[in-house]
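Enquirer: Sequence below, structure please.
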Amino acid sequence: MDETVSVLVPVASPDPSLVRVLVADDEDDIRALVCVAVAKAGCTVTNSVADGTTALATARADVPDLAVLDVSMPGASGLEVCAALRGDPATAGVRILLLSAGASLDDVARGLAAGADAYLAKPFGVSGLVHQVRALTARQPA
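Expert: Purely as a prediction, here's the structure:
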């Protein structure tokens, strides 16, 4: 009698160092802190920019796996960049983490309505940011 044996092989989680991250914040010290947290999460910062217009152009030219965007930036806000990324089929699957000094429920709701996957209020700790980056990069693409 023929017997069929099924073996479930766990899917290897992607190598975090292959996860490509765009960081956009107009404050140099915050941008540097985010880059440190991304590295601690095991991911690679591919681009680090200081304004929303550059962030959007960079994301379209070199699509990241995750974009960490400050809400308040010159050129285009993080909310505008988020909505534009979601509206473009080429970048619609990018995971987006918004950072903002605004921590009210309305602020968070606006961020999520713009298409963000997560929202982190400033000031934040490096460990909290590392946790968010790991959580977002571990998820399967949308």
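Enquirer: which residues of the protein fall in helices?
Expert: Along the chain, counting by DSSP state H, helices occupy 28-40, 52-61, 78-87, 105-113, 126-138.
Enquirer: which other residues reach the first one?
Expert: Outside helix 28-40, the residues that touch it by C-beta atoms under 8 Å, 6 or more residues apart in numbering are 21, 23-25, 44-45, 48, 50, 68, 70, 99, 122, 126, 129-130, 133. In this view, the C-beta of every residue, glycine as well, is placed from N, C-alpha and C.
Enquirer: can you pick the most crowded of these?
Expert: Neighbour count (other C-beta atoms under 10 Å) singles out residue 68 as the most crowded of these, with 30 neighbours.
Enquirer: Give the bridge partners for that residue, please.
Expert: Following DSSP bridges, residue 68 is listed with bridge partners residue 23, residue 97.
Enquirer: Would you mind confirming that it is in contact with residue 19?
Expert: No: in terms of C-beta atoms under 8 Å, residue 68 does not count as a neighbour of residue 19; the distance is 11.8 Å.
Enquirer: re the thing from before, which stretch among the helices of the chain is buried most, on average?
Expert: When you average the neighbours per residue for each of these (mean count of other C-beta atoms under 10 Å), helix 78-87 leads with a mean of 22.
Enquirer: who does that helix touch, helix- and strand-wise?
Expert: Contacts defined by 3 or more C-beta pairs under 8 Å, 6 or more residues apart in numbering; DSSP states H and E place helix 78-87 against helix 52-61, strand 66-70, strand 95-100, helix 105-113.
Enquirer: any idea which of those scores lowest on pLDDT?
Expert: Lowest mean pLDDT of these: helix 105-113, a mean of 91.
Enquirer: Check which helices and strands that one sits against.
Expert: Counting contacts by 3+ C-beta pairs under 8 Å, 6+ apart, helix 105-113 is packed against helix 78-87, strand 95-100, strand 118-121.
Enquirer: circling back: dump the helices of the chain to a markdown table, plus distance to residue 94.
Expert: Formatted as a markdown table, those follow (distance: least, C-beta to C-beta, whole Å):
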| stretch | distance to residue 94 |
| --- | --- |
| helix 28-40 | 14 |
| helix 52-61 | 7 |
| helix 78-87 | 5 |
| helix 105-113 | 15 |
| helix 126-138 | 10 |
